[in-house]
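**Q** Fold the following, please.
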Amino acid sequence: MDKVVFLLSILSLGVSSQSITDSQRLFTIAVSRVQHLHLLAQRLFADFESSLQTEEQRQLNKIFLQDFCSSDYIISPIDKHETQRSSVLKLLSISYRLIESWEFPSRSLYGGSAQRYQIPPKLSELMRGIQLLIKANEDGVEMFSDSVVPQLAPYGNYYQSLGEDESLRRSYELLACFKKDMYKVETYLTVAKCRLSTEANCTL
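**A** Residues are numbered from 1 along each chain as shown. Got it, this is the predicted structure:
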């Protein structure tokens with residue numbers, strides 16, 4: 001009887017280890033993809049800023065500091081300490097919502113077509129990967145009910161006909177918010193991935 005219990009414990013450990021290995025692989029892919037998206041966001045924003053006059057940059061930066069991103073309605077950790085205290089499932093859920101909020105607005109980001117056209121499919125791929133990671137966690141499927149993950153309204157009035165000045169401001173805001181949100185997701189996924197390794201130091 002003792003041998004049977006011992007064998008079952010070994011098999012259970014093997015299954016658990018395999019599950020952790022699979023999650024680590026998925027996390028590695030997800031982190032790599034969001035890092036690439038964050039890099040694209042930084043490039044698009046830098047290219048846009050370089051096309052502006054100095055005074056335009058100053059005014060737009062001043063306006064943006066007083067404004068907010070639509071994704072700010074998504075409740076997320078307020079600082080690195082809260083991020084580190086958040087559960088893996090919570091970090092994954094927030095990351096999913098942030099990525100989902102850009103699925104449509106990302107099609108109207110300012111920038112060269114070669115870079116812009118890469119973003120929507122990469123966001124969709126990342127969403128699928130995060131969804132798999134959420135479902136791999138206990139009760140993860142429940143995170144996708146309409147009551148938990150509401151559909152966000154599109155980013156402001158970016159899709160409407162705008163005057164030249166307002167269009168310039170909207171392009172600046174979209175790029176700045178996109179860069180900000182990709183940084184958030186990169187941080188959350190990196191911390192969540194680190195949690196799988198008990199020996200790792202997950203401090204930010």
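**Q** Just want to check the distance between residue 116 and residue 126.
**A** Here the distance between residue 116 and residue 126 works out to 16 Å (CB to CB, to the nearest Å). C-beta: built from backbone N, CA, C; applies to glycine.
**Q** next one: residue 99
**A** When distance is defined by CB to CB, residue 99 is 6 Å away from residue 126.
**Q** shared neighbours of those two, which are they?
**A** When contacts are counted by CB atoms under 8 Å, 6 or more residues apart in numbering, residue 99 and residue 126 have residue 185 as shared neighbours.
**Q** quick revisit: ok, residue 116 and residue 126, which is more surrounded?
**A** A direct count of neighbours by other CB atoms under 10 Å for residue 116 and residue 126 places residue 126 higher, at 26 against 16.
**Q** surely that one meets residue 33?
**A** Yes - under the criterion of CB atoms under 8 Å, residue 126 makes contact with residue 33 at 4.9 Å.
**Q** Can you show me the helices along this protein?
**A** When assigned using DSSP state H, the helices of the chain occupy the ranges 2-50, 54-66, 80-85, 88-100, 113-116, 119-135, 164-195.
**Q** Just name the most buried of the ones you listed.
**A** Burial of those is given as mean neighbour count (mean count of other CB atoms under 10 Å); helix 88-100 ranks first at a mean of 23.
**Q** list the helices and strands that one packs on?
**A** Counting by 3 or more CB pairs under 8 Å, 6 or more residues apart in numbering; DSSP states H and E, the packing neighbours recorded for helix 88-100 are helix 119-135, helix 164-195.
**Q** the inter-axis angle of the last one versus helix 88-100?
**A** Helix 164-195 and helix 88-100 meet at an angle of 160 degrees, taking axes from the mean of the first three to the mean of the last three CA atoms, to 10 degrees as the criterion.
**Q** and what of the first one?
**A** Put simply, helix 119-135 runs at 160 degrees to helix 88-100, going by the same axes, to 10 degrees.
**Q** Kindly list the single helix or strand of this protein that scores lowest on mean pLDDT.
**A** Taking all helices and strands of the chain together, the one with the lowest average confidence (mean pLDDT, DSSP states H and E) is helix 54-66, at a mean of 70.
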